[in-house]
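Asks: Need the 3D shape of this:
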Amino acid sequence: MSSHGTPIPMVSHPSGPLVGDAHVPGDKSISHRALILGALTVGETSITGLLEGDDVLATAAAMRAFGAEVTQTGPGAWSVHGVGVGGFGEPEDVIDCGNAGTGVRLIMGAMATTPITATFTGDASLRGRPMGRITDPIALFGAQAHGRSGGRLPMTIVGAAAPVPVRYIVPMPSAQVKSAVLLAGLNAPGQTVVIEREATRDHTERMLAGFGAEITTEETDEGRVITLTGQPEFAPQSIDVPRDPSSAAFPVAAALIVEGSDVLVPNIGLNPTRSGLFTTLREMGADLSYENERVVAGEPVADLRARYSPDMRGIAVPPERAASMIDEYPILSVVASFATGRTEMRGVKELRVKESDRIDAMARGLEANGVTVEEGEDWWIVTGLGPKGVPGGGTAAARLDHRIAMSFLCLGMGAQAAVGIDDGGPIATSFPIFEPLMTGLGATLERTGD
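Replies: Numbering: from 1, shown residues only. Below is the predicted model of the structure:
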């Protein structure tokens, strides 16, 4: 599946039991960061388990454009010969990041304190997403940004010739913004300080420390204070990427809503800044357990077992949990449709500016399939219809958003009638094996545009 070109309409039919092991792809967040930090290291960094979806491949291509040698050595296995902190060269052409919001924002940060110029673009979805949240803080280092109205791509970044360290309070809970500022701080002298009022996923801090950066984190009255000492000498690493909890969410959710299901999802990263969905599902009464808990490359990992859960009940998800599960609210709203009672999701304004307006996309698609949804600027409430209670039979617009597409395909597996989406192409950005993986478990997915 591709996120570009001719749309791929798909239909998901009501499913029999989903059974088996679901080997989901490597973690997208960690994959992006491994490539970027490997490119900022002198010597060879080896990566196994890399997600080979369109988003991450776009980041690999971008690192080549900046001068790193990035090669695939086997399935999921990659080698990065980096250029060192401050060693990026000026790209000869425009950097096309496809659909990768994480990729483009982190790369902008990584090059912002090097005296080079680079122009970035992406697909229609990415070109509509706000970049001011990145260009504002990197301007404090001395970088300049020139883009379309509203701070949108295509955009040219002129890196700072004489960068200065900054102290920056992140105005919204965003790991992308935090990470971009930290990456920019790598080539600035002195200490760059980032303060986040709400903790977000900390893969960047963990990986920076692993490569040899001097970085500390302190919980204060001001919030979470992260201090990075600039201009480190990185040591090449061997990185084994855990499997992506955001991708695991889909087979897990499908198993919970399809009668008779029992699915094991091995080797899932359970970083506490990413595992909010699984905590929420268990609070709802999901039969979801962790097996073989362990630590891999500094990240907590376990095997997840999900079984059909007909006794789930709606809950009010704590707003402070949003940062740890922001990408999982679409699939949570699908599970909530099969619970009994109302599931309230608040403090999620960030969903309005993801690959699509995810609150509106899910509300309209769920309504088209017989589910009642209430929504506001930063919240929505799904009234569950109980086990096997969702009528289905409707078609949802994917809106060039991989998570919306996969969420509605999972809805169709548990609904009374098939559920369609207008385009399954965007799924390739994060989960290129979604279709064969789900059909291997027993799902029935059909490409109706073939």
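
Asks: Which parts of this protein are helices?
Replies: Using DSSP state H, the helices assigned to the chain run over residues 28-39, 54-65, 101-111, 124-127, 132-141, 175-185, 203-211, 245-257, 276-283, 329-337, 358-368, 402-414, 434-441.

Asks: any chance of those in JSON lines, with mean neighbour count too?
Replies: The C-beta positions use only the backbone N, C-alpha and C, and glycine is treated the same way. Below are those laid out as JSON lines (neighbours: other C-beta atoms under 10 Å):
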{"stretch": "helix 28-39", "mean neighbour count": "28"}
{"stretch": "helix 54-65", "mean neighbour count": "23"}
{"stretch": "helix 101-111", "mean neighbour count": "27"}
{"stretch": "helix 124-127", "mean neighbour count": "18"}
{"stretch": "helix 132-141", "mean neighbour count": "20"}
{"stretch": "helix 175-185", "mean neighbour count": "27"}
{"stretch": "helix 203-211", "mean neighbour count": "22"}
{"stretch": "helix 245-257", "mean neighbour count": "29"}
{"stretch": "helix 276-283", "mean neighbour count": "21"}
{"stretch": "helix 329-337", "mean neighbour count": "28"}
{"stretch": "helix 358-368", "mean neighbour count": "22"}
{"stretch": "helix 402-414", "mean neighbour count": "30"}
{"stretch": "helix 434-441", "mean neighbour count": "19"}
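
Asks: Mind checking these for the one nearest to Thr6?
Replies: Each of those has some distance to Thr6 by C-beta to C-beta; the shortest is helix 124-127, at 14.1 Å.

Asks: do you know which of the helices of the chain lies nearest Leu385?
Replies: Nearest of the helices of the chain to Leu385, taken as C-beta to C-beta: helix 329-337 at 6.2 Å.

Asks: Save the helices of the chain as TSV, and put in mean pLDDT too.
Replies: Putting the helices of the chain into TSV (pLDDT from 0 to 100) gives the following:
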stretch	mean pLDDT
helix 28-39	96
helix 54-65	96
helix 101-111	97
helix 124-127	92
helix 132-141	97
helix 175-185	97
helix 203-211	94
helix 245-257	97
helix 276-283	97
helix 329-337	98
helix 358-368	97
helix 402-414	97
helix 434-441	98
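
Asks: right, and these - which one's nearest Pro318?
Replies: Closest to Pro318 of those, according to C-beta to C-beta: helix 276-283, at 8.6 Å.

Asks: hmm, who's touching the closest one?
Replies: 245, 249, 252-253, 256, 270, 288, 304, 312, 315, 317, 321-325, 328, 331-332, 335 (C-beta atoms under 8 Å, 6 or more residues apart in numbering).

Asks: rerun that using 6 Å as the cut-off
Replies: Applying C-beta atoms under 6 Å, 6 or more residues apart in numbering, the set of residues contacting helix 276-283 from outside is Ala249, Leu288, Ile315, Val317, Arg321, Ser324, Met325, Glu328.

Asks: how many other residues sit next to the fifth one?
Replies: It refers to Arg321. One way to gauge burial is a neighbour count; for Arg321, by other C-beta atoms under 10 Å, it gives 18.

Asks: Give me the nearest residue to it, chain neighbours excluded.
Replies: Setting aside the residues directly before and after it, Arg321 is nearest to Gly276 in space (C-beta to C-beta, 6 or more residues apart in numbering), at 4.5 Å.
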